[in-house]
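Participant: Fold the following and give me the result.
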Amino acid sequence: WACWKTYAGRPETNWSRTSEAMGLLGAALFSSRRFDEALPVIEASVALTRRYIPNEANLLAVQTNLANCLGALGRHDEALVLTRETYARNVALDGVADERTLTAGTNLVASLCASKHW
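Facilitator: Reported below is the predicted structural model:
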């Protein structure tokens, strides 16, 4: 994270690589169960992806990571909002039978259960 802050003020070049690096850092922190530290990194990754990578599938994947992190922090209602949005966008983008949509649907069921909105 300190490394990211060092380079944050530099010119905006090659943001796809920077976004990927942020995503990997967020995933590593999440995998290490350091959810409080992972959250701002994943949020930054979402922002970078929205701004610099015009690929809907990538954005949906990063938003899924954010929803998972929010859920791990016990912020289930916030996670549910993101998970619903991700599922709906996957359906619109890929259809109901696509593997990514089915995964998003499974995530939505888990989020509904965690937030007690079944």
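
Participant: going forward, measure contacts between C-alpha atoms and count neighbours the same way
Facilitator: Fine.

Participant: so where is the protein shaky, pLDDT-wise?
Facilitator: Under the criterion pLDDT under 70, the flagged ranges of the chain are 1-17.

Participant: what comes into contact with stretch 86-103?
Facilitator: Residues external to stretch 86-103 that are found in contact with it (Cα atoms under 8 Å, 6 or more residues apart in numbering): Leu60, Gln63, Thr64, Ala104, Gly105, Leu108.

Participant: Can you list the buried residues in that stretch?
Facilitator: The neighbour-count criterion (16 or more other Cα atoms under 10 Å) identifies Thr86, Tyr87, Ala88, Arg89, Asn90, Val91, Arg100, Thr101, Leu102 as the buried residues of stretch 86-103.

Participant: Return the subset of these lying in helices.
Facilitator: In helices, judged by DSSP state H, the following of the buried residues of stretch 86-103 are found: Thr86, Tyr87, Ala88, Arg89, Asn90, Val91, Arg100, Thr101, Leu102.

Participant: which of the residues you listed lies closest to Leu39?
Facilitator: For these, the closest approach to Leu39 (Cα to Cα) belongs to Thr86, at 17.8 Å.

Participant: Could you dump the ones in helices among the buried residues of stretch 86-103 into JSON lines with distance to Leu24 added?
Facilitator: Conversion of these to JSON lines gives the following (distance: Cα to Cα, whole Å):
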{"residue": "Thr86", "distance to Leu24": "20"}
{"residue": "Tyr87", "distance to Leu24": "23"}
{"residue": "Ala88", "distance to Leu24": "25"}
{"residue": "Arg89", "distance to Leu24": "23"}
{"residue": "Asn90", "distance to Leu24": "22"}
{"residue": "Val91", "distance to Leu24": "26"}
{"residue": "Arg100", "distance to Leu24": "20"}
{"residue": "Thr101", "distance to Leu24": "23"}
{"residue": "Leu102", "distance to Leu24": "24"}
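
Participant: Thanks a lot, catch you later.
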